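K.L.:
requesting a structural model of the entry that follows:
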Amino acid sequence: MSSTPAAPQGYSSFLKHIAVLPETGIFHRFGDLWAKRVYDDASNLVTCLAKVTDEVRQRPELGAETLLDCPMRVIKAKCPKKSHKPLYIAWAEYDKALKRYGETLCMSAEIMNLPTQNIFNTKQVESWKLPGFKPLFDNDEFVLTGEDKFWYQGNPDQNDSCAWRAIPRGDVLTQTFVKSSPWIEKHIVDRWRSLLRRKKPDDDKQLVRWRYSRIVGALDTLSCFLASVLLTITIIVLAVVKPLVIRIAVVGIFGTLFALVLKLMAGDPSRGEVFGATAAFYAVAVVFVGSTNNDCACH
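P.N.:
Next up is the predicted model:
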């Protein structure tokens, strides 16, 4: 007797993934609609301002031609609310319109300043497939919203999309590790887990468990280790090699290598930082060469 296959689950895995790694969540900004809303609120504010200004000008006892020339305390003192209801109604509408415009402007600015998603994460969303779960895209639509898939696929710099959090793009080495993390997770980490008999839950097979902070921390540790190893190797080579010309060449080669490795692994350092660290490397090497040459000369 054949068992009926279980119906595919919803989108909980994808949404939980966004909760753990916010940079994988991609959202439609609706920038054009926010721009229209700002202009509409501005237009409404201008209309309300004209009405309250007209009410102010109709009252000579206020002695004002514009709203800015008429403090509210003066209105309350010279124009009681009971006998000047149209003025107070117009003023209340103006206050409401001004507040609404400010809220819309600030909210739209926050939305438009949300980071653009890294294309690596956009590719993850495009290829998101988990056994037992419904697909994110179906019939050229993004199923969660029913919109055209254009807003959630392709180059995020060319569509009106954003993310909750962006991965910094300045560090080339870190970005390379981030892009390679799915492959590393699948071919190295998973095999290591299988050797240790540690299995992930079935609904997490597609999840990349490496947070950006963990990758940066690992590379920082590797950078410290590599800097020490490179200087140690330089000292060992200088201790073995005796001719001064060859020693100078060794210092030049390893110093250049140190500068290149520093630029690659130090997280986008400035030119001044690279120059200072390289100068310190050369200083240590030159002092060692000078001291050992003096010892050789004495013998």
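K.L.:
the strand or helix carrying V125 packs against which elements?
P.N.:
Applying DSSP states H and E as the criterion places V125 in helix 119-126. The elements that helix 119-126 packs onto, with contact taken as 3 or more C-beta pairs under 8 Å, 6 or more residues apart in numbering; DSSP states H and E, are strand 26-28, helix 172-184. For the C-beta atoms, the positions are set from N, CA and C on the backbone; glycine is no exception.
K.L.:
the last one - contacts with which helices or strands?
P.N.:
The reference is to helix 172-184. Using 3+ C-beta pairs under 8 Å, 6+ apart, helix 172-184 is in contact with helix 119-126, helix 212-240, helix 244-265.
K.L.:
mean confidence for the first one?
P.N.:
Translated: helix 119-126. Summarised as a single mean, pLDDT over helix 119-126 is 82.
K.L.:
now do that helix against helix 172-184, angle only.
P.N.:
20 degrees (axes from the mean of the first three to the mean of the last three C-alpha atoms, to 10 degrees).
K.L.:
could I get the CA-only coordinates of helix 119-126 as PDB?
P.N.:
The C-alpha coordinates for helix 119-126 follow below in PDB (Å, rounded to 0.1, in the frame of the first residue of the first chain):
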ATOM      1  CA  ILE A 119      24.200  40.400  -5.300                       C
ATOM      2  CA  PHE A 120      25.600  37.300  -3.600                       C
ATOM      3  CA  ASN A 121      22.500  37.200  -1.300                       C
ATOM      4  CA  THR A 122      20.200  38.000  -4.200                       C
ATOM      5  CA  LYS A 123      21.500  34.900  -6.000                       C
ATOM      6  CA  GLN A 124      20.800  32.900  -2.900                       C
ATOM      7  CA  VAL A 125      17.200  34.000  -2.900                       C
ATOM      8  CA  GLU A 126      16.900  33.200  -6.700                       C
END
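K.L.:
sorry, back to before: now the helices and strands packed on helix 172-184 in TSV, with mean neighbour count and distance to L45?
P.N.:
Below are the helices and strands packed on helix 172-184 laid out as TSV (neighbours: other C-beta atoms under 10 Å; distance: least, C-beta to C-beta, whole Å):
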stretch	mean neighbour count	distance to L45
helix 119-126	18	38
helix 212-240	14	42
helix 244-265	15	52
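K.L.:
next, format those as a markdown table and append distance to S291.
P.N.:
Below are the helices and strands packed on helix 172-184 laid out as a markdown table (distance: least, C-beta to C-beta, whole Å):
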| stretch | distance to S291 |
| --- | --- |
| helix 119-126 | 49 |
| helix 212-240 | 10 |
| helix 244-265 | 12 |
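K.L.:
of all the ones you listed, which one is nearest H84?
P.N.:
Among these, the nearest to H84 by C-beta to C-beta is helix 119-126 (58.6 Å).
K.L.:
immediately after the closest one, which helix or strand?
P.N.:
strand 137-138.
K.L.:
each with direction, which strands does that next one pair with?
P.N.:
If you go by DSSP bridges, strand 137-138 pairs up with strand 141-142 (antiparallel).
K.L.:
after the partner strand, next one along is what?
P.N.:
Past strand 141-142, the next helix or strand by DSSP H and E is strand 147-148.
K.L.:
mean confidence for the helix or strand just after that following strand?
P.N.:
The C-terminal neighbour of strand 147-148 among helices and strands, as given by DSSP H and E, is strand 161-163. What strand 161-163 shows for mean pLDDT is 93.
K.L.:
just stretch 108-115 next, same as before
P.N.:
pLDDT averaged over stretch 108-115 gives 96.
K.L.:
going forward, count from 9.
P.N.:
With the count now opening at 9, the last piece we talked about shows up as stretch 116-123.
K.L.:
list the buried residues of it.
P.N.:
S116 (16 or more other C-beta atoms under 10 Å).
K.L.:
and if you look at stretch 157-177?
P.N.:
157, 159-161, 164, 167-172, 174-175.
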